[in-house]
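> for reference, the sequence and a predicted model appear below.
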Amino acid sequence: MRTPPQSPAHAFPIRVYFEDTDAGGMAYHATYLRWAERARTESLRDMGLPHSLMMERHDSILVVRRIEVEYWRPARLDDALVVETRVIAVKGVTLVLDQRMVQGDATLAALRVELACVDRHGLRPKRIPEPWRSALNGAPGSLDKGE
């Protein structure tokens, strides 16, 4: 997971606030998960496809099925970072993303995130609806459009 995909990414800027840090002024490990969640949400919103529309029109939600995280360098209080989000694969009910927290040329952490689309009431797997499927397949950073 160390080498980032060579495709463009959705970029979401963040700042490390006091609430994000531990007693040593470094970002707490779970904070990276919150940043990744915000970046995923904003990438969909930037496509014109916010979560609220998926819920209203298709009674569907995207839930985290699996996350792998590698931490290389700490983010520190007041650092300005960018969360890069790239679509790796869009399948029937799942979506795989590469997300990286970067500062300049340095990657601080990398996440491989697998999301599953589920019915929001019964929480049963459900095919990713259109137009999300097409948008994700054409998203900046989309590498693999496999089924």
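Done, it's in. Residues are numbered from 1 along each chain as shown.
> so which helix or strand takes in residue 54?
Using DSSP states H and E, residue 54 maps to helix 51-58.
> what pairs with the helix or strand following that helix, parallel or antiparallel?
Following helix 51-58 in sequence order, the next helix or strand is strand 60-71 (DSSP H and E). Using DSSP bridges, the strands paired with strand 60-71 are strand 106-119 (antiparallel).
> what about the partner strand, distance to the chain center?
With CA atoms, centre = their mean, to the nearest Å as the basis, strand 106-119 stands 5 Å off its chain's centre.
> which residues touch the nearest residue to residue 21 once chain neighbours are set aside?
Closest residue in space to residue 21, ignoring its immediate chain neighbours: residue 77 at 5.2 Å, by CB to CB, 6 or more residues apart in numbering. All C-beta atoms are positioned from the backbone trio N, CA, C, and that covers glycine. Residues in contact with residue 77 (CB atoms under 8 Å, 6 or more residues apart in numbering) are 16-18, 20-21, 25-26.
> any idea how far residue 77 lies from residue 110?
Distance of residue 77 to residue 110, given as CB to CB, to the nearest Å: 22 Å.
> strands of this structure, residue ranges please.
With strands called from DSSP state E, the chain shows them at 10-15, 60-71, 80-90, 94-103, 106-119.
> okay then, goodbye and thanks.
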